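Enquirer: Starting from these lines, generate the structure:
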Amino acid sequence: MKKGILFDLDGTLWDSSEGVAQSWEKALDEHFDIEKVITADMIQGVMGKSMYEISDILFSEFPMKERREMLAYCCMRENEYIRSHGGVLMPGLEETLQKLKDRGYHLYIVSNSQAGYIEAFLEYHKLEEYFDDFECFGRTGREKGRNIRMVVERNQLEQSVYVGDVQGDYYAAVEAEVPFIHARTGYGSVQEEVPYITELSQLPDLAEKFFKS
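Expert: Numbers count the residues shown, from 1 in each chain. Sure, this is the predicted structure:
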């Protein structure tokens, strides 16, 4: 039986909010001549939302066309920053990924990020070998629930679970008809009673029990 564990990225596998905030501030200043304060807390507050939702929240004072232009440029500069600086990995990430692979699980990433962001994460931290596939809003234009289902189907997973840190991740898993594990290491909370981990190192044992049930 082919078993897959699908991960959200931001707040679940790493924290890039500080670098993203800096890159966005710099991008707005240099390309649009706009001095706008963007903090790591602001970025964390919108992590998990689709790119367009993020631009509507952070750039709400601007017309729609300008929001989208600013978003596109900021995301491009963000990818460049990530490729050269990386982010802060969640404690024990690589050891946990290795243990999951050793136990026969296939690993995937599904994020609401722009195209190129997951690739930058994998390239900088040299984690490509652990993941079979990934998908994001920026490549498909689809919401996370549909992308989760797409990854499950194209990899012919017979059993799967999605690991995420915010309420939107739970809703996406429900939409995809995939069970959910809450990573309480991240940015948000989940209202429903669901299985959870408080550190990544707990995931292999929880997955073993989870897939047996």
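
Enquirer: residues contacting residue 68?
Expert: 52, 55 (Cβ atoms under 8 Å, 6 or more residues apart in numbering). Every C-beta, even on glycine, is put in place using the N, C-alpha and C of the backbone.

Enquirer: A helix includes it, no?
Expert: Yes - under DSSP: H, G, I helix; E, B strand; the rest coil, residue 68 sits within a helix.

Enquirer: Model confidence for the nearest residue to residue 130 once chain neighbours are set aside, exactly?
Expert: In this structure, residue 130 finds its nearest non-sequential neighbour in residue 97, 4.3 Å apart by Cβ to Cβ, 6 or more residues apart in numbering. pLDDT for residue 97: 98.

Enquirer: Would you verify that residue 97 is located in a helix?
Expert: Yes - looking at residue 97 with three-state DSSP, it is inside a helix.

Enquirer: these two touch, right, it and residue 107?
Expert: Yes - in this structure residue 97 lies within contact range of residue 107 using Cβ atoms under 8 Å: 6.4 Å.

Enquirer: And these two? Which one has more around it.
Expert: residue 97 (22 against 18; other Cβ atoms under 10 Å).

Enquirer: That one: what's it in contact with?
Expert: 107, 127, 130.

Enquirer: The last one: how many residues sit nearby?
Expert: By the measure other Cβ under 10 Å, the count of residues near residue 130 is 18.

Enquirer: for the second one, same thing?
Expert: Around residue 127 sit 18 other residues, with neighbours defined as other Cβ under 10 Å.

Enquirer: Distance check, it against residue 191.
Expert: In this view, residue 127 and residue 191 are 31 Å apart by Cβ to Cβ, to the nearest Å.

Enquirer: so what's residue 82 closest to, chain neighbours aside?
Expert: Leaving aside its chain neighbours, residue 82 sits nearest to residue 120 (3.8 Å; criterion: Cβ to Cβ, 6+ apart).

Enquirer: Show the contacting residues for that neighbour.
Expert: Here residue 120 is in contact with 79, 82-83 (Cβ under 8 Å, 6+ apart).

Enquirer: so of these, which ones are in helices?
Expert: Mapping the contacts of residue 120 onto helices (DSSP state H) picks out 79, 82-83.
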